[in-house]
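Asks: Quick one: sequence plus predicted model below, questions after.
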Amino acid sequence: MTAAPPSSHPTAYWHRLDDGRLQCDLCPRFCRLREGQRGLCYVRGREDDRVVLHSYGRSSGFCIDPIEKKPLNHFYPGSAVLSFGTAGCNLACKFCQNWDMSKSREMDTLADQAMPEQLAQAARQRDCRSIAFTYNDPVIFLEYAVDTAQACREQGVHSVAVSAGYISEKPRERFFNAVDAANIDLKAFDAGFYKRLCGGRLDNVLDTLRYIRHETNCWLEITTLLIPGHNDSDRELDALSAWICDQLGPDVPLHLTAFHPDWKMLDTPATPPATLARARALARANGLHHVYTGNVHDREGSSSYCSGCGERLIERDWYELGAWELDEDGRCRLCQTPLAGHFDPQPGQWGGRRVPVRLRGFDA
């Protein structure tokens with residue numbers, strides 16, 4: 001048995017203002033708090049004249065997933081990942097696909113508990129290659145995520161962040177140097193979209209992407225959810241994919257995924273498969289080597305191809321792997337061009353299973 005998590009955990013990124021309020025400096029929202037107030041994320045707030053994290057050691061649930069579900073297609077394909085999230089978010093996306101957790105304002109949502117060392121041990125014991133901070137944005141529970149990532153490294157387990165990348169400079173350095181891989185949600189390539197539909201700023205997310213790619217060893221993949229009539233025009237998709245190729249490089253994988261009506265955008269139609277196919281073709285024409293379609297059944301759009309000769313290297317059918325044409329060094333068997341990413345000599349065998357797990361084990 002291990003001790004239960006604290007009801008509040010100290011944080012480092014805040015300072016006192018002249019009017020007595022405390023400003024949280026974790027993200028560009030810079031919430032200014034009086035005693036007892038919480039930030040927009042809900043899990044960080046002012047208590048006893050300091051800014052604390054209320055979700056340390058607490059989770060909305062644990063599940064073992066395929067790594068491809070994060071989605072990460074170039075980070076140990078076929079392996080199992082222990083996934084969990086907390087509550088709250090520091091963006092206000094009207095189209096949120098995980099709104100029941102990210103928009104939760106109830107601490108009862110966090111029914112499961114696990115401290116970092118217990119999480120690392122649980123992942124290793126269940127043969128999970130990685131732990132994923134997902135479902136809601138892990139930057140808001142940075143201290144819990146970083147401590148867990150460090151505990152995982154001690155156990156030989158990788159850590160993965162699924163994030164919108166909306167974070168300030170100093171905590172950004174700490175967070176993305178702690179994790180081994182990240183999928184960043186680039187929600188659009190239009191500042192007005194971010195302001196209108198997310199309550200955030202595009203320029204900060206672009207800074208995060210550049211930082212991860214050029215200043216860390218964290219493996220990077222990007223996801224853009226295509227919402228009909230909002231971010232799916234040829235002009236915007238051309239600009240987005242050209243920016244990725246120019247600023248981050250052609251080997252950064254881009255996942256283009258289908259929207260389904262949810263949260264506050266129930267009147268917006270689902271993304272047609274033809275939109276994903278058009279967007280993928282446009283991005284590939286702009287020089288990106290690895291462009292994937294998601295939330296639809298598309299073997300061609302979910303498989304990986306050699307950037308040298310065009311050979312299909314990893315066949316995917318949803319989250320199931322098929323043909324594997326990489327040699328033991330992660331190179332194309334046909335032309336020896338390396339595939340960017342992290343690969344085992346043989347693919348993992350987890351498949352498409354989703355297995356909920358319970359990790360209770362605390363002293364009362």
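Replies: Received, thanks.
Asks: domains of this structure?
Replies: 9-53, 58-300+339-357 (automatic domain parsing).
Asks: Export the ones you listed to TSV and append columns for distance to Arg331.
Replies: For every residue, glycine as well, the C-beta is placed using N, CA and C. Output for these, formatted as TSV (distance: least, CB to CB, whole Å):
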stretch	distance to Arg331
domain 9-53	40
domain 58-300+339-357	7
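Asks: from those, which stretch is densest packed?
Replies: Among the domains of the chain, ranked by average contacts under mean count of other CB atoms under 10 Å, first place goes to domain 58-300+339-357 (a mean of 20).
Asks: so how far is that domain from its chain's centroid?
Replies: Here domain 58-300+339-357 is found 2 Å from its chain centre; the criterion is CA atoms, centre = their mean, to the nearest Å.
Asks: Look at it and report the distance between its end residues.
Replies: 14 Å (CA to CA, to the nearest Å).
Asks: tell me the mean pLDDT over it?
Replies: For domain 58-300+339-357, the mean per-residue pLDDT is 94.
Asks: The longest strand belonging to the chain: what's the following helix or strand?
Replies: Criterion DSSP state E: the longest strand present in the chain is strand 219-226. Heading C-terminal from strand 219-226, the first helix or strand you meet, by DSSP states H and E, is helix 234-243.
Asks: Which residues does that following helix contact?
Replies: 186, 188-190, 206, 224, 254, 278-279, 282-283, 286-288, 291 (CB atoms under 8 Å, 6 or more residues apart in numbering).
Asks: how about Leu53, phi and psi?
Replies: Reported as degrees, to the nearest 10, the phi and psi values for Leu53 are phi -100, psi 130.
Asks: Just list the residues touching the closest residue to it other than its chain neighbours, thanks.
Replies: Computed as CB to CB, 6 or more residues apart in numbering, the closest residue to Leu53 that is not its neighbour in sequence is His9, at 4.5 Å. Shown in contact with His9 (CB under 8 Å, 6+ apart): Val52, Leu53, His54, Tyr56, Gly57, Glu143, Tyr144.
Asks: Go again with 6 Å.
Replies: With contact set as CB atoms under 6 Å, 6 or more residues apart in numbering, His9 has these partners: Val52, Leu53, Tyr56, Glu143.
Asks: before we move on, what about Gly39?
Replies: Under the criterion of CB under 6 Å, 6+ apart, the neighbours of Gly39 are Cys24, Cys31.
Asks: Distance-wise, check it relative to His15.
Replies: 14 Å (CB to CB, to the nearest Å).
Asks: before we move on, the earlier item: tell me the phi and psi of the residue nearest to Leu53?
Replies: Here is the backbone geometry of His9 (degrees, to the nearest 10): phi -130, psi 140.
Asks: One more: Leu266?
Replies: The phi/psi pair for Leu266 (degrees, to the nearest 10) is phi -70, psi -20.
Asks: Quickly note the distance from it to Asp65.
Replies: Leu266 sits 27 Å away from Asp65, going by CB to CB.
Asks: just Ser302 next, same as before
Replies: Distance check for Ser302 against Asp65: by CB to CB, it reads 16 Å.
Asks: Also Ser7?
Replies: 29 Å.
Asks: So for Phe362, what's the pLDDT?
Replies: For Phe362, the predicted pLDDT is 41.
Asks: which stretches of the stretch 51-200 of the chain form helices?
Replies: In the stretch 51-200 of the chain, the helices defined using DSSP state H, counting those that start in this stretch lie at 99-102, 116-125, 142-155, 169-178, 191-193.
Asks: Which of the ones you listed sits closest to Arg316?
Replies: Taking CB to CB, helix 116-125 is the member of the helices of the stretch 51-200 of the chain nearest to Arg316, at 23.4 Å.
Asks: can you pull the alpha-carbon coordinates of that closest one into PDB?
Replies: Provided in PDB are the C-alpha atoms of helix 116-125 (Å, rounded to 0.1, in the frame of the first residue of the first chain):
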ATOM      1  CA  PRO A 116       4.200   8.400 -10.100                       C
ATOM      2  CA  GLU A 117       6.200   5.400  -8.900                       C
ATOM      3  CA  GLN A 118       3.100   3.300  -8.800                       C
ATOM      4  CA  LEU A 119       2.300   4.300 -12.400                       C
ATOM      5  CA  ALA A 120       5.700   3.400 -13.600                       C
ATOM      6  CA  GLN A 121       5.600   0.000 -11.900                       C
ATOM      7  CA  ALA A 122       2.100  -0.700 -13.200                       C
ATOM      8  CA  ALA A 123       3.200   0.000 -16.800                       C
ATOM      9  CA  ARG A 124       6.300  -2.200 -16.500                       C
ATOM     10  CA  GLN A 125       4.400  -5.100 -14.900                       C
END
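Asks: From the contact counts, what lies against that helix?
Replies: Counting contacts by 3 or more CB pairs under 6 Å, 6 or more residues apart in numbering; DSSP states H and E, helix 116-125 packs against helix 142-155.
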